[in-house]
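>>> fold the following, please.
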Amino acid sequence: MGRLGLAELGGSYFTFSNENNYMIWTFLKKCWEKGWLHRGADVMPWCPRCATAISQHEIVTDGYVELTHPAVTVRFPLRGRTKEALLVWTTNPWTLTSNVAAAVALI
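Model (predicted):
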C-alpha cells in the first residue's frame with residue numbers, strides 16, 4: 001500500500017516534486033495577472049490562554065466558550081521493565097487502535 005505524498009501513488013498529491021511547486025507558482029502568477037489576488041490585512045483570532053491562532057473552524061463550532069472534552073489515559077507497560085509504564089493521554093481515543101509507537105524524550 002502506498003503512502004500519501006509518495007510517487008508510488010501514481011501522481012496523487014505529490015507535494016515535494018518540482019513539477020507540483022512550479023504548477024502552484026504558475027497558477028498563482030495567473031491569478032495575480034488577472035487581478036484575483038488581494039493584498040491586505042485581516043484580523044487573526046487569538047487564544048489568550050495558549051497564545052496561538054484560532055482557526056475559523058474553532059470560532060464557528062466553539063464560539064469562544066469554555067468546553068470540556070472527553071479524554072482517555074491509557075497505561076502501556078514497558079517490555080523488560082516490570083514496574084515501569086507509559087501513560088498516554090489523548091482527546092482522540094479512536095486513534096488508539098492505530099497507534100503503533102510513542103515518542104519519548106529522555107532529558
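>>> looking at the chain, which helix is longest?
Using DSSP state H, we find that the single longest helix of the chain is helix 18-33.
>>> so how far is that helix off the chain centroid?
25 Å (Cα atoms, centre = their mean, to the nearest Å).
>>> please apply the same query to stretch 19-38.
Put simply, stretch 19-38 sits 25 Å off its chain's centre (Cα atoms, centre = their mean).
>>> hmm, which helix or strand of the protein has the shakiest average pLDDT?
In the chain, no helix or strand scores lower on mean pLDDT, DSSP states H and E than helix 56-62, which sits at a mean of 59.
>>> who does the helix or strand following that helix pair up with?
Next in sequence after helix 56-62, counting helices and strands by DSSP states H and E, comes strand 72-78. Looking at strand 72-78 with DSSP bridges, its partner strands are strand 81-90 (antiparallel).
>>> how far is the strand it pairs with from where the chain is centred?
That offset, for strand 81-90, works out to 25 Å (Cα atoms, centre = their mean).
>>> could I get that strand in PDB with only the CA atoms?
Taking Å, rounded to 0.1, in the frame of the first residue of the first chain, the C-alpha atoms of strand 81-90 are listed here in PDB:
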ATOM      1  CA  ARG A  81      10.800  -3.100  32.900                       C
ATOM      2  CA  THR A  82       8.300  -4.800  35.200                       C
ATOM      3  CA  LYS A  83       7.400  -1.700  37.300                       C
ATOM      4  CA  GLU A  84       7.500   0.900  34.500                       C
ATOM      5  CA  ALA A  85       4.900   2.000  32.000                       C
ATOM      6  CA  LEU A  86       4.000   4.900  29.700                       C
ATOM      7  CA  LEU A  87       0.900   6.900  30.400                       C
ATOM      8  CA  VAL A  88      -0.700   8.100  27.100                       C
ATOM      9  CA  TRP A  89      -3.300  10.800  27.200                       C
ATOM     10  CA  THR A  90      -5.500  11.700  24.300                       C
END
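>>> good, wrapping up.
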